[in-house]
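1. Got a sequence here, can you model it:
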Amino acid sequence: MKIIVIGAGASGLTAAIAAAEQGAKILMLECASKPGKKIYATGNGKCNLTNRNLSAANYRSADLALIGHTLERFGSRQTMEFFENLGMFFKDKNGYVYPSTGQAATVAEVLVKRCRELGVEISCDSKVTSVRKTKSRFSVFYEKEEKQLEEQADIVILAAGSRAGGFGCEVTGTKLAKFCGHRIIPEVPALTALHGNATKFFKLVSGVRVDGTIFLREEGKKGILSQDTGELQLTSYGISGIPAFQVSRYASYGLKRGAKLNAVLDFLPEYTYHMLWDKIETERTCHGNRTLEDIFAAIYHRKLVCGILKTAGVDGSRKIKSTSPEERKRVLQFCKQMVIPLTGTNDLSASQVCAGGVDTGEVTLEFQSKKIENLYIIGETLDVDGICGGYNLQFAWASGWIAGQDAGRKERK
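-> Model (predicted):
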C-alpha cells in the first residue's frame, strides 16, 4: 500500500512521520520550493510550537468536541515528547514553548530530517491539481517542471493548508477537498491586522505601541462581538498587535456579510473613565499652568497624545486651567472610547492563519473523511483556527499525528 501526503507543512510532515514509522511507503507532494517553508516564518521566525495551557476554548470551530478529543490524545506533552525524540530541546516562557535555539528553522529541519531517515520521498515544486477516487485507489494529478503527472495511492492525506501567510499554492487543501465533495466553510483572514477609517489619526500615531483593550462592535446592535487586551500596535492604516489579531476573525466574518463594524479602543483599561477624570481634575488644580499636552504626556506616548487631542479638536498647547469641562471630557472620551470604523483586514497573504475550511462534521475523530474512505483531512485545511500562542501549530501536530497513525495502521493490515 502507498500513502500520498499532499502538503509538506506542519501537519503533513507530522503525518508522514507517524505513518512512515509504521513502515508505510510515503510520497509527499509539496507545491513550494522546499518542505516546511511556512514553519520557517512562524512566530516571527522563533516558532511557538505549543502551549502548556491547552483547551478547546482556545479554538474557533463548529465542533469544539473534536478539538477537545484531539488535544486529549495529543496535547502539549505529546508534542514535546515527539520533538524530543527528534533531538530538540525547548524554552518555556510562561507556558509558551519554543525550540531552545530560538529559531523556527530548527523545527522544520528536524521534521524534514526525520522524514528523510524514514525514506519518505518529498517532491517539491509539485502543484497538485486534482484528486480522484476510483474503486479502491486514488489518482493524484499534479504539475511539475511543466509536466502533467499522475500518481496512484491507496491512501491520501490532505494537508495542503491555505493561502495564509503568502506561502500556500493557488490550489489549496480546501479547493481539493471541495473537488472531492466536501462542504467548505467560507475562508477569511484570521490573526491579522485591522484597517480603519481614521486616516488623520493613524497618520499621527503610526508606530506607537500602547497597552489597551480593543472591543469589536456592530453598529445598531447591543453587545460585543469580541474583545482582547494587550499591546496594541497603531499603524498608518489601522490596528495591529495581538489584541487586534485575536478579534480579527470576527471582524473578517462580519465585514464579509456586510456588517458595519467599529473597533472601540480603550488606551488605559486599568482606569475607569471616572478614575481618569478625577486624576486629570487633580492635575488641573495642582498644576493648572501646565499644558494639556504635557499633562497627558505623563500618561501616554506623546505621539498618541497628539493624535487624541487633534482628533478631539482640542488645542494641546493651552494651559489645562483654561480648558472647559466639555473639552476635557471630550479628550477623555477619546482616551477611553476611541471609535474606529473598520474598512477591512489584511488579506490572507498577510495573515497568520485562515478561518474557515472543510466542515469538521465531515471527518471522523481520526480525521478520515466521512464521504471518501481512506481520505484524511488535517491541519489548516479544516475549519479550525486558534488564538495566538502556539495553538494553531499544536492542532497541526496533533491532527497530523492522529491521521498518520491511523493511516499507518491500515498499511500494516
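
2. need the contact list for Ile387.
-> Going by CB atoms under 8 Å, 6 or more residues apart in numbering, Ile387 touches Asn58, Tyr59, Leu191, Gln246. Heads up, the C-betas are built off the backbone N, CA and C, glycines and all.

3. Let's see which of these end up in strands.
-> Tyr59 (DSSP state E).

4. could you dump the contacts of Ile387 to JSON lines with distance to Val156 and neighbour count?
-> Shown next, in JSON lines, are the contacts of Ile387 (distance: CB to CB, whole Å; neighbours: other CB atoms under 10 Å):
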{"residue": "Asn58", "distance to Val156": "29", "neighbour count": "20"}
{"residue": "Tyr59", "distance to Val156": "25", "neighbour count": "22"}
{"residue": "Leu191", "distance to Val156": "28", "neighbour count": "23"}
{"residue": "Gln246", "distance to Val156": "34", "neighbour count": "21"}
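
5. Out of the contacts of Ile387, which is nearest to Ala403?
-> Checking the contacts of Ile387 against Ala403 by CB to CB gives Tyr59 as the nearest, at 17.5 Å.

6. Show the contacting residues for the closest one.
-> Contacts of Tyr59 by CB under 8 Å, 6+ apart are Ile67, Val384, Asp385, Gly386, Ile387, Tyr391, Phe395.

7. can we see that at 7 Å?
-> Ile67, Val384, Asp385, Gly386, Tyr391, Phe395 (CB atoms under 7 Å, 6 or more residues apart in numbering).

8. Is it bridged to anything, and to what?
-> Gly386 (DSSP bridges).

9. Residue numbering should commence at 41 henceforth.
-> With the count now opening at 41, the last piece we talked about shows up as Tyr99.

10. gap between it and Ala55?
-> Using CB to CB, to the nearest Å, Tyr99 is found at 19 Å from Ala55.

11. And Ile335, by the same measure?
-> Distance from Ile335 to Ala55, by CB to CB: 59 Å.

12. again with His235
-> In terms of CB to CB, His235 sits 36 Å off from Ala55.

13. These two - which one has more neighbours?
-> Ala55 (34 against 20; other CB atoms under 10 Å).

14. where's the more buried one, which helix or strand?
-> helix 50-60 (DSSP states H and E).

15. who's in contact with that helix?
-> By CB under 7 Å, 6+ apart, helix 50-60 touches 43, 45, 66, 68, 75-76, 79, 151-152, 154-155, 158-160, 197, 199, 418-419, 433, 436-437, 439-441, 443-445, 447-448, 451.

16. Now do the phi/psi pair for Asp306.
-> Torsion angles at Asp306 (phi, psi; degrees, to the nearest 10) stand at phi -110, psi 110.

17. can you pull the contacts of it?
-> So Asp306 contacts Gly252, Thr253, Lys376, Gln377 (CB under 7 Å, 6+ apart).

18. ChimeraX command to pick out the buried ones of the residues you listed?
-> In ChimeraX syntax, the buried subset of these is picked out as below (16 or more other CB atoms under 10 Å):
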select :252,253,376
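
19. Can you flag which of the contacts of Asp306 belong to strands?
-> Using DSSP E, the contacts of Asp306 in strands are Gly252, Thr253.

20. so can I have CSV of the contacts of Asp306 showing distance to Leu89?
-> CSV is the format used below for the contacts of Asp306 (distance: CB to CB, whole Å):
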residue, distance to Leu89
Gly252, 29
Thr253, 28
Lys376, 38
Gln377, 38
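
21. now, among the contacts of Asp306, which is nearest to Asn91?
-> Distances from Asn91 to those, taken by CB to CB, are shortest for Thr253, at 22.1 Å.

22. which residues of this structure fall in helices?
-> 50-60, 82-85, 104-113, 116-124, 144-157, 213-219, 239-245, 282-296, 313-326, 332-337, 342-352, 365-376, 431-452 (DSSP state H).

23. out of these, deepest packed?
-> Among the helices of the chain, helix 50-60 has the highest mean neighbour count (mean count of other CB atoms under 10 Å), at a mean of 30.

24. can you give me the angle that one makes with helix 144-157?
-> Per axes from the mean of the first three to the mean of the last three CA atoms, to 10 degrees, the angle that helix 50-60 makes with helix 144-157 is 30 degrees.

25. Show the average pLDDT along helix 50-60.
-> In this model, helix 50-60 carries a mean pLDDT of 98.

26. Now do it: distance to the chain's middle.
-> Centroid separation between helix 50-60 and its chain, computed with CA atoms, centre = their mean, to the nearest Å, is 21 Å.

27. same thing with stretch 401-411?
-> With CA atoms, centre = their mean, you get 23 Å for stretch 401-411.

28. can you list contacts of that stretch?
-> Outside stretch 401-411, the residues that touch it by CB under 7 Å, 6+ apart are 102-103, 106, 109, 221-223, 415-418, 422, 439, 442-443, 446.

29. next one: stretch 327-341
-> Stretch 327-341 is contacted from outside by 248, 250, 307-308, 320, 323, 345, 349, 354, 356-361, 363, using CB under 7 Å, 6+ apart.

30. Against which helices or strands is the helix or strand bottoming out on mean pLDDT in the chain packed?
-> Every helix and strand of the chain was ranked by mean pLDDT, DSSP states H and E. The lowest is helix 82-85, at a mean of 89. Contacts defined by 3 or more CB pairs under 7 Å, 6 or more residues apart in numbering; DSSP states H and E place helix 82-85 against helix 144-157.

31. tell me what the helix it packs on is packed against?
-> helix 50-60, helix 82-85.

32. and Cys164, which of those is closest to it?
-> helix 50-60 (12.3 Å).

33. Only the C-alpha atoms, please, for that closest one, written as PDB.
-> Taking Å, rounded to 0.1, in the frame of the first residue of the first chain, the C-alpha atoms of helix 50-60 are listed here in PDB:
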ATOM      1  CA  ALA A  50       3.500  21.300   9.900                       C
ATOM      2  CA  SER A  51       0.600  18.800   9.700                       C
ATOM      3  CA  GLY A  52       1.800  17.000   6.600                       C
ATOM      4  CA  LEU A  53       5.300  16.400   7.800                       C
ATOM      5  CA  THR A  54       4.000  15.100  11.200                       C
ATOM      6  CA  ALA A  55       1.500  12.800   9.400                       C
ATOM      7  CA  ALA A  56       4.200  11.400   7.200                       C
ATOM      8  CA  ILE A  57       6.500  10.600  10.100                       C
ATOM      9  CA  ALA A  58       3.700   9.000  12.100                       C
ATOM     10  CA  ALA A  59       2.800   6.800   9.100                       C
ATOM     11  CA  ALA A  60       6.300   6.000   8.000                       C
END
